[in-house]
Structure formats: structure tokens, C-alpha cells
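S.K.: coordinates for the following, if possible.
(one chain, ligands or ions: 2)
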Amino acid sequence: MLRDNHHRPVNYLRLAVTDRCNLRCFYCMPEEGIEYMPKAELMSYEEMLRIVRVMVGLGIQKLRITGGEPFIRRDMMDFLGEMSRLDGLQEIHITTNGVVTAPLVPALKKLGICSINLSLDTLNPQLFHEITRRDDFHKVMKTFEALLSHGISTKINAVMMEGKNDHDLLPLAMLTKEHPVGVRYIEEMPFNGGEAHYDKLWWSHRRILETLQNHFPDLEKIPDPPSSTSYNYRIPGHRGTVGIIAAYSRTFCGTCNRIRLTPQGLMKTCLYDDGVFNIKNLLRAGATDEQLGHAVLDALGNRAKDGFEAESRRRFGLPVSESMATIGG
Ligand code: SAM
Ligand code: SF4
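M.R.: Ligands and ions are numbered 1, 2, ... in the order given. Next up, the predicted model:
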């Protein structure tokens, strides 16, 4: 079992396979997009496979593929096939915006992908266009339907934004009535390639919970999976669940079991740090698997105790302003 210097088990890697995206979500990047990494700076599939294999050897059991939008990277399905055959890796999960995902769902089912997180902040097509700056609502809904009909475990990720999707909180919760999905409300973080959109976060985890409780007075707390970032609830009579992720308030750091790799190979031991070392550069400089493993262990031996400490240790400056597409969420 891999542990950090605070004795937290670490068994979960989030791998952002690209910083490219086909949407321009308001809370993630500016309308004109972000300056993408030159292709040569991105990890190749071979490099990612090798790094993940080393990390699985150290104790990583669960992998999430994220981005940018993972499914716009060419040959992504072949890469997922390779990953699904990796000895020792127990679970593969994917986070996607769902725009080009629907036709791939049968193949994802065949590969045994454990679950998909689908990002969907509103059920209103016009508001979807306003938030994502693209007119792709119906394609995302097709993915949602395909995931349900193929029986792939699905969570909906909705970032709550003051003055944008306030009126979607309850309709999104109602998706859980008919469908066995987890709807998770996420506090907006300032990772948008610019400045924070708020002085004080309006949709805090507390306000989200109060709003749900006011509307569903019988809302039941249910047990949270180990190392879960969400506080989970059930509305009696509903097939699915709702969850709240206090991503900005950072209430879950004490059980954090995850590390991250950005598309250019920066390892992050916390969402709020700005990268602790670049494993791709090490690999390209000729490091052996053993040396790569040692570098990972060293980083985990110096891990910040929580997101506030990680933020205060940032070397390349405050405030946090990079786009989430360069991190993977
Ligand atoms: N493109 C894919 C997608 O949107 O699902 C995967 C990458 S995206 C960066 C991963 C997750 O981060 C999404 O669920 C998205 O809603 C969330 N996210 C992006 N920017 C965020 C922000 N500023 N605050 C909170 N969550 C954010
Ligand atoms: Fe793209 Fe996902 Fe960021 Fe939206 S949240 S711009 S879909 S990376």
C-alpha cells in the first residue's frame, strides 16, 4: 500500500491525457480558449503507459482518464484498450463532456470501463450553450442515454455557478428519480484560465445542501465510499443519489487518496499545487523505471497536508488561475 507522509493511503491516479477541448466552459477556460501545449510537450501514449505501469507497481489501483476532453485525442480507444489490459490495474474510470462520446459507449462497455462521469451543468439547451459556448446539449444527452441503456455506472458532474445555473439544482436532482445515476454538485473553483468569478462563493457546499433539504425535507444521508470527495444523500423513492463536492472549501483533504498527472507530465500531489515534478522530462532524460518510482515516492513523502498548504507552497505564483483543462479536475 502506497502512503504519503501524512499516512494517507494513495491508490488513485487521475491522468489528464490532453489539454485540448471541444467546449469552452465558462468556469474552465476563457471564450477564446487557452494556449495549448505544443504537441511535443504532451506525453505520448507509450510514455503514459510506462508511467502508469510504474505507478501500478507502486500501489495505484484505480485510474481516471480525464483532460481536456479525452475523446478528442486521436486513437483514444486503442489507448484505453491497452490500459484495460494492464496487469494490476483494477479500475478505469473516465470523465468526459459527452459531446463525441455517445457512439463510443458500446466499446467502452466492452472494455469494462467501471464508470463514467459526465459533465452536465444544466438541462436547458440555451443555458448549456451560454455556459459551454457551444451548441452541443443534445449530443451530451445522447451520451447520457447511451450510458444508461448500456448499464454503465454514471455520475453527472454539475458545477454550481451563481447567476448561471441556480435554477438547475433541483431539476438535476430530479434526474435521480427515474435514473440510477449520481448527480454531484461541485463548488466552483478559480481554475478557469483567468480570475475567480466571485469574491465570495455563493454556491458553497452548505448552501447547496440547504437548498436540497428545503426542497426535499426527507433527504437522507447515506454512507460515503472510502476517500470519497462527495457527501452523498438519497431522496426517498429515487433510484439515484445526489452528492456535494466541496472542491473550493476543501473539506475532504484528510482522506485524499489521489495524485494527478497533467498532459505534459507534471505530477501534482494536490489539485491546488502547481506541480511537484515533471515525470515525462525524467523519463525522456533516460530514467529507469526504478528511478521514476523513486521520484514518485519522494513526492509523496513531501505532500502538503491539505489544499490550503499546497496552495501556499505554489512556486509559480498565486492566485490559482490555470485552466482546469490543463489539470483534469
Ligand atoms: N472535459 C471533460 C469534462 O468536462 O468532463 C474532462 C475534464 S474537466 C476539466 C473535469 C471536470 O472538472 C468536469 O466535471 C468539470 O465540470 C470540472 N471543472 C472544470 N473547471 C472547474 C472549475 N473551475 N471548478 C469546478 N469544477 C471544474
Ligand atoms: Fe472542456 Fe471539460 Fe473544461 Fe468544459 S470543463 S472546457 S468540457 S475541459
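S.K.: can you name the residue of the stretch 101-250 of the chain nearest ligand 2?
M.R.: S119 (5.7 Å; CB to the nearest ligand atom). Glycine gets a C-beta too; all of them are placed from N, C-alpha and C.
S.K.: list the contacts for that residue?
M.R.: C25, T95, T96, N97, G98, I156, N157, A158, V159 (CB atoms under 8 Å, 6 or more residues apart in numbering).
S.K.: got the residues of the stretch 51-200 of the chain near ligand 2?
M.R.: G67, G68, E69, N97, S119 (CB under 6 Å from any ligand atom).
S.K.: from these, which would you call buried?
M.R.: G67, G68, E69, N97, S119 (16 or more other CB atoms under 10 Å).
S.K.: H93 - how many residues pack around it?
M.R.: 18 (other CB atoms under 10 Å).
S.K.: how about it, secondary structure?
M.R.: strand (DSSP: H, G, I helix; E, B strand; the rest coil).
S.K.: what ranges do the helices span in this structure?
M.R.: Secondary structure of the chain (DSSP state H): helices at 45-58, 76-84, 105-111, 125-132, 137-149, 169-178, 205-215, 279-284, 289-300, 307-312.
S.K.: now tabulate those helices in TSV and tack on distance to G265 and mean neighbour count.
M.R.: As requested, the helices of the chain are exported to TSV (distance: least, CB to CB, whole Å; neighbours: other CB atoms under 10 Å):
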stretch	distance to G265	mean neighbour count
helix 45-58	7	18
helix 76-84	16	16
helix 105-111	24	16
helix 125-132	28	18
helix 137-149	29	18
helix 169-178	35	17
helix 205-215	32	16
helix 279-284	3	19
helix 289-300	11	16
helix 307-312	19	17
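S.K.: for ligand 1, find the nearest of those helices.
M.R.: Taking CB to the nearest ligand atom, helix 125-132 is the member of the helices of the chain nearest to ligand 1, at 9.0 Å.
S.K.: put the alpha carbons of the closest one into PDB.
M.R.: Taking C-alpha atoms only, helix 125-132 is exported to PDB below (Å, rounded to 0.1, in the frame of the first residue of the first chain):
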ATOM      1  CA  PRO A 125     -30.100  23.700 -24.000                       C
ATOM      2  CA  GLN A 126     -29.800  27.500 -24.300                       C
ATOM      3  CA  LEU A 127     -28.100  27.800 -21.000                       C
ATOM      4  CA  PHE A 128     -25.900  24.900 -21.900                       C
ATOM      5  CA  HIS A 129     -24.800  27.000 -24.900                       C
ATOM      6  CA  GLU A 130     -24.200  30.000 -22.800                       C
ATOM      7  CA  ILE A 131     -22.100  28.100 -20.200                       C
ATOM      8  CA  THR A 132     -20.100  25.900 -22.700                       C
END
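S.K.: what residues does it touch?
M.R.: Contacts of helix 125-132 (CB under 8 Å, 6+ apart): 23-27, 97, 120-122, 135-138, 140, 161, 164-165, 168.
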